[in-house]
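1. Sequence first, predicted model second:
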Amino acid sequence: MKITAVRARVYEWKGKTVPPQGNFCSNAMDLLYSRQETMKTFRFHQWTVVEIETDTGLVGYGNVALAPKVAKQIIDQYLTPLVMGQDPWDYEYLNQRMYRATQAWGRKGVGMAAISAVDLAIWDILGKSVNKPVFKLLGGRTKEKIPCYYSKLYRTDLDEMQKEAETYLKQGFTAFKMRFGYGPKDLQKGVVENLKSVAAVREVIGDDTDLMLECYMGWNLEYTKRMLPKLAQYQPRWLEEPVIADDIDGYAELNAMNIIPISGGEHEFSLYGFKQLLDRKAVSVVQYDTNRVGGITMAHKINALCEAYSVPVIPHAGQMHNYHLTMSTLASPMAEYFPMFDVEVGNELFYYIFDGEPVAENGFLDLRDDVPGLGLSLKTEFLDQFDIIE
Ligand SMILES: O=C(O)C(=O)C[C@@H](O)CO
Ligand SMILES: [Mg+2]
């Protein structure tokens, strides 16, 4: 089998979006700008879809949501020539070929995200070529169903957050991730607001439900050290991305405090990036995203590394490309899950582009044994609400 075509198309959402709320989610820009400025950067309303064709007539789909327009340029100009005419079953060779050819500039960030999109499409083809779901090529079914956690609860009014938590508690979710709206710049008032939001959600979901707390790189080491003892009373399962991804020493210091497990990884890349996090005990939960980290080929290696280090893998954002990795390893106990909403930050945009995503039932997801490849097809229903950049 040979790769005969690679197409990268940017889907740019032009439909309605939920306007950013004031203190929607702390994020890395908060230390620099007024809140309104930072909310503008906190939007992911484009997605690049990669289609790879083979001489046997198969088509595989990959996707990338980090800097989609730049990712497309990288795929078109650098990665396509590296995989054209190649056998997709040589996936390790092809992943290494893309990774090593772009080492000078692509080993972190959008370079790896672009490689991931091509790698996902290759694995989709592999599954389709043997009529097996991708997870069956990685290790098979390690779970009857995948436990998942409801992920949203961006910081809005507390009663709105409580209503949202109530709604999904009633749908059977037993794990929830919420977002903080305040950080170091908001001083003690922000500390109080952050604690009030956690108390409000905990009040609704009860003490026998998993609660995860998301900072999205919006805090810093000093502020987090002050917040951890205050948050411990709410028994969070983890505190996510308190500092920026490059502050590995900060991660390690916070994790070593052993007050609340620190999680991260959605902004880390490659096997070596995660070896570094694990060697330095920077995180207690690894959260790579398979459409960022280097693809399925790379994520599969990281799963084995995490198993050896006994650090659980709970990939970022859910979505089908991650579910196959979670299904195929005991190192990954659960998945993140964003239900389909009106387009807001953009994590939900996946549902407007692809068909095939499983819908959570009672806090569990299932992958079918009889759906080959990644199990995705392109949705036509919302095509008129996208500008497609070929
Ligand atoms: O889902 C996550 O972990 C993310 O980081 C998504 C982002 O929207 C902020 O939570
Ligand atoms: Mg996150």
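-> Nice, I can see it. Numbers count the residues shown, from 1 in each chain. Ligands and ions are numbered 1, 2, ... in the order given.
2. Test my guess that L195 contacts L228.
-> No. Using Cβ atoms under 8 Å, L195 is not in contact with L228; the gap is 11.9 Å. The C-beta positions use only the backbone N, C-alpha and C, and glycine is treated the same way.
3. quick one: secondary structure of the residue lying closest to I389 once chain neighbours are set aside?
-> In space, and not counting its chain neighbours, I389 is closest to V10: 3.9 Å by Cβ to Cβ, 6 or more residues apart in numbering. Three-state call for V10 (DSSP: H, G, I helix; E, B strand; the rest coil): strand.
4. tell me which parts of the stretch 251-390 of the chain are close to ligand 1?
-> Selection of the stretch 251-390 of the chain residues close to ligand 1 by Cβ under 6 Å from any ligand atom yields 266, 316-317, 336, 345, 347.
5. Now for the residue nearest to I389: which residues touch it?
-> Shown in contact with V10 (Cβ atoms under 8 Å, 6 or more residues apart in numbering): 46-48, 68-69, 72, 388-389.
6. go again using 10 Å as the cut-off
-> V10 makes contacts with 46-49, 64, 68-73, 386-390, as judged by Cβ atoms under 10 Å, 6 or more residues apart in numbering.
7. Who are the contact partners of the residue nearest the centre of the chain?
-> Closest to where the C-alpha atoms of the chain average out (Cα atoms, centre = their mean) is H316, at 2.7 Å. Counting by Cβ under 10 Å, 6+ apart, H316 makes contact with 151, 240-241, 263-267, 286-293, 322, 335-336, 347.
8. filter those residues to the buried ones?
-> Buried by 16 or more other Cβ atoms under 10 Å: 151, 240-241, 263-267, 286-293, 322, 335-336, 347, out of the contacts of H316.
9. Report the buried members of the contacts of V10.
-> Burial by neighbour count, judged by 16+ other Cβ under 10 Å, picks out 46-49, 64, 68, 70-72, 386 from the contacts of V10.
10. and those residues, which of them are in strands?
-> Residues of those located in strands (DSSP state E): 46-49, 64, 386.
11. Please tell me how far S270 sits from W89.
-> 22 Å (Cβ to Cβ, to the nearest Å).
12. For the two, indicate the residue with more neighbours.
-> Here S270 and W89 are set side by side on neighbour count (other Cβ atoms under 10 Å), and the busier one is S270, at 21 against 14.
13. That one and M327: what is the separation?
-> To M327, S270 is 23 Å away according to Cβ to Cβ.
14. burial measure for the closest residue to K185 other than its chain neighbours, as a count.
-> Leaving out its chain neighbours, the residue that sits closest to K185 by Cβ to Cβ, 6+ apart is D30, at 6.1 Å. For D30, the count of nearby residues is 28 (other Cβ under 10 Å).
15. can I assume K281 is in contact with P261?
-> No. Using Cβ atoms under 10 Å, K281 is not in contact with P261; the gap is 11.2 Å.
16. So between these two, which is more surrounded?
-> Between K281 and P261, counting by other Cβ under 10 Å, P261 is the more crowded of the two (18 against 14).
17. That one touches W238, doesn't it?
-> Yes. Using Cβ under 10 Å, P261 is in contact with W238, at 4.5 Å.
18. list the residues that contact both of those two?
-> Here P261 and W238 have 212, 255, 283-285, 312 as joint contacts, going by Cβ under 10 Å, 6+ apart.
19. Quick check: the two most widely separated of those?
-> Greatest spatial distance among the shared contacts of P261 and W238 (Cβ to Cβ): M212 and N255, at 15.0 Å.
20. before we move on, the earlier item: how is the residue nearest to K185 assigned, secondary-structure-wise?
-> Using three-state DSSP, the secondary structure recorded for D30 is helix.
21. residue contacts, it?
-> Taking Cβ under 10 Å, 6+ apart as the criterion, D30 is in contact with 23, 37-39, 42, 181-186, 190, 215-220.
22. Any of these buried? List them.
-> By neighbour count, with 16+ other Cβ under 10 Å, those hold 23, 38-39, 42, 181-184, 186, 190, 215-220 as buried.
23. ok, which pair from these is furthest apart?
-> Spatial extent of the buried ones among the contacts of D30 (Cβ to Cβ) is set by the pair M39 and N220 at 19.5 Å.
24. Tell me where the stretch 1-150 of the chain has strands.
-> Listed in chain order, the strands of the stretch 1-150 of the chain (DSSP state E, counting those that start in this stretch) span 3-13, 46-54, 59-64, 146-151.
25. Out of the ones you listed, flag the one nearest G111.
-> Among the strands of the stretch 1-150 of the chain, strand 59-64 comes nearest to G111, with 10.8 Å by Cβ to Cβ.
26. and the angle from that closest one to strand 46-54?
-> 150 degrees (axes from the mean of the first three to the mean of the last three Cα atoms, to 10 degrees).
27. what residues are up against the residue lying closest to R292 once chain neighbours are set aside?
-> Counting by Cβ to Cβ, 6+ apart, A113 is the residue found nearest to R292 once chain neighbours are left out, at 4.8 Å. Each residue near A113 by Cβ under 10 Å, 6+ apart is listed here: 48, 63-68, 70-71, 74-75, 106, 269, 289, 291-295.
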